[in-house]
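Enquirer: For reference, the sequence and a predicted model appear below.
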Amino acid sequence: MRTQEYNRITKEGNVLDFGTLKETKKQLGINKLTELESEIDRIIKENKIQKPELHNEPNSTETDFFLIDLNSDQIEIIVSMFGD
């Protein structure tokens with residue numbers, strides 16, 4: 001993937017970084033929303049956006065981005081968990 005394309009994709013509304021997903025998963029666990037917690041695990045496992053070849057930290061999970069493919073009901077539950 002080219003750097004320009006990667007930068008464009010990672011700024012889209014349906015993309016989140018690893019740190020955000022990690023915190024979301026943690027909060028879902030605290031709130032005992034295990035089905036959604038499993039969905040976050042799936043996203044981390046299956047929806048990683050490929051980094052460009054010349055990325056500064058190609059092997060760092062902390063700099064990974066992921067495509068979010070949750071449905072609107074799932075997203076609403078997560079947003080309301082964080083208090084809108």
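Expert: Okay, I see it.
Enquirer: use CA for all of it now, contacts and neighbours both
Expert: OK.
Enquirer: Show me where the chain dips below the pLDDT cut-off.
Expert: Along the chain, the model assigns pLDDT under 70 to residues 84.
Enquirer: can you give me the helices for it?
Expert: Secondary structure of the chain (DSSP state H): helices located at 3-10, 18-30, 34-46, 72-81.
Enquirer: would JSON lines of those helices with mean neighbour count be doable?
Expert: Putting those into JSON lines (neighbours: other Cα atoms under 10 Å) gives the following:
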{"stretch": "helix 3-10", "mean neighbour count": "13"}
{"stretch": "helix 18-30", "mean neighbour count": "16"}
{"stretch": "helix 34-46", "mean neighbour count": "15"}
{"stretch": "helix 72-81", "mean neighbour count": "12"}
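Enquirer: Rebuild those helices as TSV, extending it with distance to S60.
Expert: As requested, those are exported to TSV (distance: least, Cα to Cα, whole Å):
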stretch	distance to S60
helix 3-10	16
helix 18-30	10
helix 34-46	14
helix 72-81	26
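Enquirer: what's the closest of those to P52?
Expert: helix 3-10 (5.4 Å; Cα to Cα).
Enquirer: for that closest one, the distance to its chain's centre please.
Expert: Put simply, helix 3-10 sits 16 Å off its chain's centre (Cα atoms, centre = their mean, to the nearest Å).
Enquirer: circling back: out of the helices of the chain, flag the one nearest P58.
Expert: Using Cα to Cα, those put helix 3-10 closest to P58, at 12.3 Å.
Enquirer: how about K32, phi and psi?
Expert: When quoted as degrees, to the nearest 10, the phi and psi of K32 stand at phi 60, psi 40.
Enquirer: Now the residue of the chain positioned farthest from its centre: closest residue in space, sequence neighbours ignored.
Expert: Note on the chain: the largest C-alpha distance from the chain mean falls to L54, namely 21.7 Å (Cα atoms, centre = their mean). Ranked by Cα to Cα, 6 or more residues apart in numbering and with sequence neighbours excluded, the top spatial neighbour of L54 is T3, at 7.7 Å.
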